[in-house]
Each structure stands twice: as C-alpha cells, then as structure tokens.
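Student: Next input, structure requested:
(chains A and B)
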Amino acid sequence: MTDLMPIWEVFVRPRNGLAHKHVGSLHAGDEELALQAARDVYTRRNEGNSIWVVRSEHIAASDPDRAAENFQPSADKVYRHPTFYSVPDGVENL
Amino acid sequence: MYSQGLLKQDTAAVESEEFLAAFQDRIDAEEKIEPNDRMPAAYRKTLVRQIGQHAHSEIVGMLPEGNWITRAPTLKRKAALLAKVQDEGGHGLYLYAAAETLGVSREKMTGELLAGTAKYSSIFNYPTLSWADIGAIGWLVDGAAIMNQIPLCRCSYGPYARAMIRICREESFHQRQGFEIMTRLSQGSSEQKSMAQDALDRWWWPSLMMFGPHDAASRHSEQSMKWKIKRFTNDSLRQKFIDAIVPQAEYLQLKIPDPELKWDPERNDGAGGYAHGPIDWDEFRRVLKGQGPMARERLRARREAWETGAWVREAALAHADKRDRQRAQVA
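Tutor: I've put the predicted structure just below:
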C-alpha cells in the first residue's frame, strides 16, 4: 500500500434539462482516470449522459450541528409562502 | 473522503444519555443518519463491520463465477456472465465508498481482506465445479442476497441505503439469468438435468447459511434491529427465501436436498410455510473461518490481483504527479 489514491465525488446528469446529481465516490489518480472509472462504476445502465468529478477535499459543507440555526428560520417565516395570504372569495387568477 | 472529510470535522459524540436518547428518537422517526452527523461509536463500528464484510463479499464473489467466463457455453451466456461479474465489482465499489463515509480508509479495508482478518460471506468459499453451478449461484445465491438486501434499502444510514438501492436495482437480472440457466438444463438431456440437480444439492444448504445464525444465536441482531440497520431477523428472511424457492424448484422438477422439508400450515402466523431440517452450523463456522482449500485459493487470487496491479496504481499516481508539476511550471 504505497501512496493513497485521491477520492473523487461523482455527479451524473440523468438527461439534458436536469441538474447533475451526486451518485457516490471513487478513487483515481487524476481527473481523466476518475471520469473513466465513474463511467464504468456509475453509468452501466443508461444512468446519464454527462459526468462531473471533483476532488472530495475541494468540497466545503455546512455543519450538521448548526443545521437548526441555518435552516429552521425558514420554517417560521410563513409569510414567504403564498398560503400565508388570504384571497377574498370570488377573486381569481391570484 | 466523501462528506466525512469535507469540514475535517470530528463527528465523534459525547455519548451522554440525552445524546443516545435523541439519536434513537431520530432513528425511530425514520430519519436517515448522514456522514457528518454525530453518531454513537458502536453504531459507526457496526456499520463499518457490516458494510466492509458486504463489500468484501461482492469482490470475492467475482471469483467463483469468473471461473466460468471463458467456458460459458454460448456467447449470450458469456456476455451475461461478464456483465454480472462486472456488476459485482461495481457493487463492491459502491459499498467500499459507503464505508469510507464512516471514516475507514479503502486502504485499511483492502489490507484487512488481503491479510485474511476481514470476513466475507462463507458462500464464496465453495467451488464452482460445473456450468450448472453458475445457474444455481444466480438462482439461489443471488436470490438469497436479494432477500437480505431489499430491507437494507431502508437502512437508517443514508449512504448504505443509497448504495443498496442501486445494487438491488441491478441485481434483479442476476437471479433471472441464473434461473434461466437452470430451466434450460432441467429441460435438457438426462445428463444436463443431473448437472442441475447436482448443483442444487451442493448450493442449497450453503445458501440457507447465507442468512446467518438462528436468531437466538445471532450476536449483533438485536441492537442492529433497534438502530434500523437490520429490518428483519435472520430466521424470518430465511423462511421467506425457502417459501419463494420451493415452488420454483418444483417448476424445474428438481428435488431440494432436505428430507425434512415439508409444508407446515402453522408457519408465518398461520399463513403456512415450509419447515426445513437442521442446518450444519459447524460447517458454516468452518467455512466462515476460512478453513478449506477454496478459502486459501480466494485470498491467493485477491493478493495476486492486488500485487500484479500495483504497477498500474503507481503509474497512475506518477503520471498525475508529473502533469501537476508540468502545469505548475507553465503557470
């Protein structure tokens, strides 16, 4: 076990019109080999038509311990949703 | 390494009673646990062990079938078998990647497999003596694996559940191609039919052992069920498997090698099911421990693959390094 192979995250776009979606990770020496390996490992059955790979260490992530302060405030801002507002009876196209 | 390394954060938890209760509440509410979440050390350890063994099983599982690729009877069978073995390699990789999100390195897991200290499913320590074994493996071994794996798609650990969804989707063809081989052989000449029977005779009991020890003797079951890593007990999955397979064997007009196998109307809460004879757990333990010539052969083959592939890994890294340096000079 000499040097460690870098880890890459793999994103696949199922078809044009959709965004690339994370599907998993793999080890490869460089981006070219990572793309080839991703094709073999993650797209054996028409899963997509485009692949992105990115070194795992280049991704920054939010801290799950701070998920409450980051994401819960959006739950108590009900006025951001259309259902917060009342529409008078008989008024349409609103 | 996958989200685990994203913030380089420490996800070890201080396991106070409050923390453990809150963790269990999340599990009970069917919330998935993701790599950066805090989790009890024992939860992590259980998953690393289970996912690692599962990954090793996929990788070692390529060997018994790989044995027949060059001797497949037709081009169609050869193409199907190649695709199946390639899938198994892929499944091993999905699973290693899922285990890595828990902080264990690929190098460590590979090292443990090659050193013979990691376990893999005992089923792969049996030899594939005839072409009919490829049929029996697809039908019985993949059938048992699917039974075990479908509930894992709902495992509480997100990356493992996602890997299992991909695996289950891909495995459905594995069992069907095996059953098709068995169908063809069992409708063929008397020689072909006896090949099919011989394969069923040899693979039946090892397949039942794939579900693991009886519930009363299963060390890890209770806690794994509580954490929703496992959803069903070993015995209930084994029962489901037998009930599914017996009618299929009748269709093939093959005889399941268990004189005590009989319909029991009391099983499955009165819905009925098949009772079976005793399983030879001494054999299970012997094979699992890696006794016997096939176990040595499996590890020899894995070590050879690792050693003869070393130059490829070294060349890939050297090439990446050289190009990085060239780019740095240009910049």
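Student: and the residue in chain A positioned nearest to chain B, which of the three is it?
Tutor: Distances between chain A and chain B by C-beta to the nearest C-beta are smallest at A:Gly29, namely 3.3 Å. C-beta here means a position set from N, CA and C on the backbone, and glycine is covered the same way. Per DSSP: H, G, I helix; E, B strand; the rest coil, the local secondary structure of A:Gly29 is coil.
Student: That one: neighbouring residues, count only.
Tutor: For A:Gly29, the count of nearby residues is 22 (other C-beta atoms under 10 Å in any protein chain shown).
Student: need the helices for chain A, in chain order.
Tutor: Taking DSSP state H, the helices of chain A run over residues A:31-42, A:67-71.
Student: So the first one, near chain B or not?
Tutor: Yes. Helix A:31-42 comes into contact with chain B when judged by C-beta under 8 Å from any C-beta of the partner chain, the residues involved being A:33, A:40-41.
Student: Would you reformat these as JSON lines and include neighbour count?
Tutor: Shown next, in JSON lines, are the residues of helix A:31-42 next to chain B (neighbours: other C-beta atoms under 10 Å in any protein chain shown):
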{"residue": "A:Leu33", "neighbour count": "20"}
{"residue": "A:Asp40", "neighbour count": "13"}
{"residue": "A:Val41", "neighbour count": "21"}
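Student: Format the residues you listed as a markdown table; extra columns: pLDDT and distance to A:Ala75.
Tutor: Output for these, formatted as a markdown table (pLDDT from 0 to 100; distance: C-beta to C-beta, whole Å):
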| residue | pLDDT | distance to A:Ala75 |
| --- | --- | --- |
| A:Leu33 | 96 | 44 |
| A:Asp40 | 94 | 42 |
| A:Val41 | 94 | 38 |
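Student: Can you report how many residues lie near residue 78?
Tutor: No chain in the question, so chain A it is. With other C-beta under 10 Å as criterion, A:Val78 counts 9.
Student: Switch to chain B, please.
Tutor: Around B:Lys78 sit 15 other residues, with neighbours defined as other C-beta under 10 Å.
Student: Correct me if wrong, but it is in a helix.
Tutor: Yes. Under three-state DSSP, B:Lys78 falls within a helix.
Student: That one - nearest residue in space that isn't next to it in sequence?
Tutor: B:Ala72 (3.7 Å; C-beta to C-beta, 6 or more residues apart in numbering or on different chains).
Student: that older thread, out of the helices of chain A, which is the most enclosed?
Tutor: Most buried of these by mean neighbour count (mean count of other C-beta atoms under 10 Å in any protein chain shown) is helix A:31-42; its value is a mean of 18.
Student: What is the neighbour count of residue 64?
Tutor: If you meant another chain, say so; for now it's chain A. 18.
Student: You answered for a different chain; I wanted chain B.
Tutor: 22.
Student: For it, list the residues it contacts.
Tutor: B:124, B:126-128, B:133, B:137 (C-beta atoms under 8 Å, 6 or more residues apart in numbering or on different chains).
Student: same thing but 10 Å
Tutor: The contact partners of B:Pro64, taken as C-beta atoms under 10 Å, 6 or more residues apart in numbering or on different chains, are B:85, B:123-128, B:133-134, B:137, B:141, B:294, B:297-298.
Student: pLDDT at the closest residue to chain A within the stretch 201-331 of chain B, what is it?
Tutor: Per C-beta to the nearest C-beta, B:Ala316 is where the stretch 201-331 of chain B lies closest to chain A, at 3.3 Å. If you check B:Ala316, the pLDDT there is 95.
Student: helix/strand/coil for it?
Tutor: helix.
Student: Let me know whether it touches A:Glu31 as I believe.
Tutor: No. B:Ala316 is not in contact with A:Glu31 according to C-beta atoms under 10 Å; the separation is 11.7 Å.
Student: Now do the strands in the stretch 1-150 of chain B.
Tutor: Counting by DSSP state E, counting those that start in this stretch, the stretch 1-150 of chain B has no strands to list.
Student: Helices along that one, start to end?
Tutor: Remark: helices assigned in the stretch 1-150 of chain B by DSSP state H, counting those that start in this stretch are B:17-28, B:41-60, B:62-66, B:75-100, B:106-115, B:131-136, B:142-149.
Student: now do the stretch 151-300 of chain B
Tutor: For the stretch 151-300 of chain B, the helices defined by DSSP H, counting those that start in this stretch occupy B:158-186, B:190-209, B:221-226, B:234-252, B:281-288, B:293-308.
Student: what's the most buried one of the helices of the stretch 1-150 of chain B?
Tutor: helix B:131-136 (a mean of 26).
Student: Who are the packing partners of that helix?
Tutor: Judged by 3 or more C-beta pairs under 10 Å, 6 or more residues apart in numbering or on different chains; DSSP states H and E, helix B:131-136 is in contact with helix B:62-66, helix B:75-100, helix B:158-186, helix B:190-209.
Student: For B:Ala310, find the nearest of the ones you listed.
Tutor: Proximity to B:Ala310 (C-beta to C-beta) singles out helix B:75-100 among the helices and strands packed on helix B:131-136, at 18.1 Å.
Student: Also compute the angle for the closest one relative to helix B:41-60, please.
Tutor: 160 degrees (axes from the mean of the first three to the mean of the last three C-alpha atoms, to 10 degrees).
Student: re earlier: which of the helices of chain A has the lowest mean pLDDT?
Tutor: helix A:67-71 (a mean of 87).
Student: who's in contact with it?
Tutor: In contact with helix A:67-71 (C-beta under 10 Å, 6+ apart) are residues A:62-64, B:36-37.
Student: May I have the distance across stretch A:58-70, first residue to last?
Tutor: Start and end residues of stretch A:58-70 are separated by 22 Å (C-alpha to C-alpha, to the nearest Å).
Student: what sits against the closest residue to the residue of chain A closest to chain B other than its chain neighbours?
Tutor: Distances taken as C-beta to C-beta, 6+ apart place B:Ala316 nearest to A:Gly29, at 3.3 Å, with adjacent residues excluded. Residues near B:Ala316 by C-beta under 10 Å, 6+ apart: A:3, A:5, A:27-30, A:32-33.
Student: What is the burial count for B:Val330?
Tutor: If we define neighbours as other C-beta under 10 Å, then B:Val330 has 5 of them.
Student: Just the strands from chain A, written as ranges.
Tutor: Per DSSP state E, chain A carries strands over the ranges A:7-13, A:21-27, A:50-55.
Student: Please identify the pairing partners of the shortest one and their relative orientation?
Tutor: Next to strand A:50-55 in the sheet, as set by DSSP bridges, lie strand A:7-13 (antiparallel).
Student: So is stretch B:49-60 next to chain A?
Tutor: No. For stretch B:49-60, no contact with chain A is found by C-beta under 10 Å from any C-beta of the partner chain; the gap never falls below 12.3 Å.
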